[in-house]
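Trainee: Sequence first, predicted model second:
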There are 2 protein chains.
Amino acid sequence: MTHKQRAAAAPEAEPRTDDAYLQIGEVAERTGVTQRTLRFYEEKGLLKPPTRLEGGFRLYSEDDVRRVEQIKRLQTLLGFTLADIKEMVEAEEVKMQIRAEYRRDAEVSDRRAKIAKAVEVTERQVAVIDQKLGALQEMKDHLEQKLTTYGGWLEQLDEKAVARV
Amino acid sequence: MTHKQRAAAAPEAEPRTDDAYLQIGEVAERTGVTQRTLRFYEEKGLLKPPTRLEGGFRLYSEDDVRRVEQIKRLQTLLGFTLADIKEMVEAEEVKMQIRAEYRRDAEVSDRRAKIAKAVEVTERQVAVIDQKLGALQEMKDHLEQKLTTYGGWLEQLDEKAVARV
DNA sequence: TAACACCTTAACCTTGACGGCAGGGTTAAG
DNA sequence: CTTAACCCTGCCGTCAAGGTTAAGGTGTTA
């Protein structure tokens, strides 16, 4: 146990928004990606530039952590490229913005348009996922059919064994 | 229309096995990958070295075409790396071999072991697919829930519009 | 036999997605 | 004020998955 256990680093002025920010090392540890990768994602626009401490240290929020986890899922489980993911993330951003603006938006037609946009974006995402789901299901069916074939073979062997006794 | 429509290229000696072999250009065209990619896959062990014409031209079978298509699916739709895919392809190979050996295998216990091996390999593949299916389904559910939220918002707007009339 | 489409290997180039320093600043503790 | 633990910005390296010539051989057709 070292004598330095990093804590929430209280900024002196501005007592607002001290929601337990995380430094890059914490985030790296919690998400399992390297610091380099976090900076890289930021550079590539996958993570919005986080707030900084006076000295320049990045301060991430829990939301950022969730986003990183989302990115990892999209990447490793589903094989999206970072460019793809950036699009999705941006879509997500747009949706967040819509939510935020929703209440205080003057024109009803404007609201309607924004929601329509969000729906469109989301539906495209669903369509992509559906395509992948379909392909995966097909492969799975194929493999399971093979498994039943193997099962049949084993049964045949059993019958033979029985017949020999 | 050029004056050369490539045909099955009849080798002079050896009239056997003239099953309509395909040259690399054909295969590339039919599968949508480049010739370079086909050679690359061969180099990486994803495609077995095809038979060659005397002069060295590669001659692919329809089976090879199918395999290339499978590789593409695994890669683009599911985001497996070529290394992953190579493993799967090799597993497939093993299973083919098992099928071939199945009939003329002396010991019943040997057969049983081989089938068990095949089952094991196949089940691992299914497990991987299940994991991805799960992740995808979860994402889809999440997105669809959002869609219903948006739907609700639109309804609210409608109500307001009606109320104003 | 020439012409032309098609193929061969070999070598280098590119892009995406990071890994790994070097050289130097920042923060908290003693 | 020093020190230890963190963090910063470059900048170069690497690995995967091919793309892109270059230089030359093969196969069919005229």
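Mentor: Now that the structure is in, tell me what you want to look at.
Trainee: average pLDDT across stretch A:85-104?
Mentor: What stretch A:85-104 shows for mean pLDDT is 79.
Trainee: any idea where the strands of chain A begin and end?
Mentor: Assigned by DSSP state E, the strands in chain A fall at A:51-52, A:58-59.
Trainee: Report the buried residues of stretch A:137-146.
Mentor: Using 16 or more other C-beta atoms under 10 Å in any protein chain shown as the test for burial, stretch A:137-146 gives A:139-140, A:143, A:146. Just so you know, the C-beta spots here come from the backbone N, C-alpha and C atoms, and that holds for glycine as well.
Trainee: meant to ask about stretch A:75-82
Mentor: Across stretch A:75-82, burial judged by 16+ other C-beta under 10 Å covers A:75, A:77-80, A:82.
Trainee: Over to stretch A:91-110?
Mentor: Within stretch A:91-110, the residues that qualify as buried are A:91-92, A:95, A:98-99, counting by 16+ other C-beta under 10 Å.
Trainee: Summarise which helices and strands the worst-scoring helix or strand of chain A on mean pLDDT is packed against.
Mentor: For chain A, counting by mean pLDDT, DSSP states H and E, helix A:82-102 ranks last in confidence among helices and strands (a mean of 83). Packing partners of helix A:82-102 (3 or more C-beta pairs under 8 Å, 6 or more residues apart in numbering or on different chains; DSSP states H and E): helix A:62-72, helix A:108-164.
Trainee: and that helix, does that touch DNA strand C?
Mentor: Yes. Using C-beta under 7 Å from any atom of the strand, we find that helix A:82-102 touches DNA strand C at A:82-83.
Trainee: what's the angle between that helix and helix B:108-164?
Mentor: Helix A:82-102 runs at 30 degrees relative to helix B:108-164, counting by axes from the mean of the first three to the mean of the last three C-alpha atoms, to 10 degrees.
Trainee: Most proximal residue of chain A with respect to DNA strand D?
Mentor: Distance from DNA strand D to each residue of chain A (C-beta to the nearest atom of the strand) is smallest for A:G25, at 2.6 Å.
Trainee: Quick check: the gap between that residue and DNA strand C.
Mentor: The spacing between A:G25 and DNA strand C, counted by C-beta to the nearest atom of the strand, to the nearest Å, is 11 Å.
Trainee: And for A:E101?
Mentor: Taking C-beta to the nearest atom of the strand, one finds A:E101 at 30 Å from DNA strand C.
Trainee: Check A:M88 too.
Mentor: 13 Å.
Trainee: repeat for A:K95
Mentor: 23 Å.
Trainee: Same check on A:R30?
Mentor: 15 Å.
Trainee: Can you pull the phi/psi pair for the residue in chain A that DNA strand C sits nearest to?
Mentor: Relative to DNA strand C, the nearest point of chain A is A:G55 (2.1 Å; C-beta to the nearest atom of the strand). Backbone torsions for A:G55, taken as degrees, to the nearest 10, come to phi -70, psi -10.
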